[in-house]
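> sequence? don't have it. structure:
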């Protein structure tokens, strides 16, 4: 303190002129992209920023899904729902960022594509981790439903009684839906960049991406809708909740 005035010099360890830079490690973060002299095309910065920031959001989503899995296993269903809401929003942000890639010229994308080598979205650590954790979370959810002496039809018909589990089921459905929306949105971006009949950087036809659109991580949560509709059509509608 000098002449009665406070000073705000950095107090955290690390590099950077301020605690903001040191805490966020901006020196390292902003050095992760190619310098202009290294770029095969100026749009490499756009491409790297979109994908690197996507990996950060997916890291957060995977972390929240791990927390949701642990909470579900321990019976802390409300906590699991909160974590899933965060994960769902992170996936939405990853999807929204694809708009930036659509601003790349299809012709000018090819120098960037060549610079990728064999790099492919199939190698994304974030998405691969998400798929693994979603499998574990799905098993934890099924166990939690069974522990209540319910099946999914019972849960949806008595949702008001088991509101915590119902909300968890709906957040899982939301997650599955958001991932499906990302897959479709990503496919549109790929079509705009290289076309629908092209082959990807790892020899994967674009058609394979089209087939993945129909994949669901939690298929029973979608099948139960058919069962509920059939029951309703047979006259089984009641105020079971």
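Good, I have the coordinates. Just so it is clear, the model here is predicted, and its values are computed rather than measured.
> low pLDDT regions in the chain?
Flagging of the chain using pLDDT under 70 yields the residue ranges 1-5, 200-203, 236-241.
> Ignoring the adjacent residues along the chain, who's closest to the residue nearest to the spatial centre of it?
Closest to where the C-alpha atoms of the chain average out (C-alpha atoms, centre = their mean) is residue 91, at 3.2 Å. Computed as C-beta to C-beta, 6 or more residues apart in numbering, the closest residue to residue 91 that is not its neighbour in sequence is residue 178, at 4.4 Å. All C-beta spots, glycine's among them, are computed from the backbone N, C-alpha and C.
> what does the helix or strand harbouring the residue nearest to the centre of the chain rub up against?
Secondary structure from DSSP states H and E places residue 91 in helix 77-96. Applying C-beta atoms under 8 Å, 6 or more residues apart in numbering, the external contacts of helix 77-96 come out as 54, 57-58, 60-62, 64-65, 67-69, 71-72, 144, 164-165, 167-168, 171-172, 174-175, 178-179, 181-182, 185.
> Just the ones of the residues you listed in helices?
Here DSSP state H is the test, and those give 54, 57-58, 60-62, 64-65, 67-69, 71-72, 144, 164-165, 167-168, 171-172, 174-175, 178-179, 181-182, 185 as lying in helices.
> filter the residues you listed to the buried ones?
Neighbour-count burial (16 or more other C-beta atoms under 10 Å) is assigned, among the ones in helices among the contacts of helix 77-96, to 54, 57-58, 60-62, 64-65, 67-69, 71-72, 144, 164-165, 167-168, 171-172, 174-175, 178-179, 182, 185.
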